[in-house]
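[1] I'll drop the sequence and a predicted model, then ask my questions.
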Amino acid sequence: ATQPYDDQNIFAKILRGEIPNRTVYEDEWALAFHDINPQAPEHVLVIPKGAYVCWDDFSAKASEAEIAGFVRAVGHVARTMGLVEPGYRLLANTGFDAHQEVPHLHVHIFGGKPLGPMLV
Ligand code: 5GP
């Protein structure tokens, strides 16, 4: 079970322009911005514009257009960052066991160095 969407979460505030961000890409469906505490030389977060707590919420409730728009935005950002040839990693922490900290769906894009094997 997923908690109700909290419109005071930090990414909701970023979407409303109440908190600044270093935007990489924005379109009708998604916003991409640099993570404030990067874990790799390239570390960008991509979030859907809709109010979805997590991957479970989004995959169950979002429209086909929202899902397509978001997935395409993630791919577009990675391409425009030049990460396709060297490679990159996507991560979406979901819920308690995964230590999801911000309750608005976000996909992490990591790259810019050989990342090593997944830890989990
Ligand atoms: P999670 O653990 O929820 O998957 O990751 C949350 C991510 O959001 C972390 O990597 C953290 O550094 C990032 N983050 C938290 N607050 C802010 C913020 O205010 N601005 C930006 N750009 N990133 C944030």
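    Happy to help now that I have it.

[2] show me where pLDDT drops low in the protein?
    Along the chain, segments meeting pLDDT under 70 span 1.

[3] max-length strand in it?
    Identified as the longest strand of the chain according to DSSP state E is strand 42-48.

[4] Walk me through which strands that strand pairs with, and which way each runs.
    strand 30-34 (antiparallel), strand 107-111 (antiparallel) (DSSP bridges).

[5] Quick one: closest of the ones you listed to the ligand.
    strand 30-34 (5.3 Å; C-beta to the nearest ligand atom). Where you see a C-beta, it was placed from the backbone N, CA and C, and this is true even at glycine.

[6] that older thread, as a markdown table, the strands paired with strand 42-48 with distance to Asn21 would be great.
    Converted to a markdown table, the strands paired with strand 42-48 look like this (distance: least, C-beta to C-beta, whole Å):
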| stretch | distance to Asn21 |
| --- | --- |
| strand 30-34 | 4 |
| strand 107-111 | 15 |
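
[7] circling back: summarise which helices and strands the very next helix or strand once past the longest strand of the chain is packed against.
    The element immediately downstream of strand 42-48 (helix or strand, assigned by DSSP states H and E) is helix 55-61. In terms of contacts (3 or more C-beta pairs under 8 Å, 6 or more residues apart in numbering; DSSP states H and E), helix 55-61 is packed against helix 64-80.
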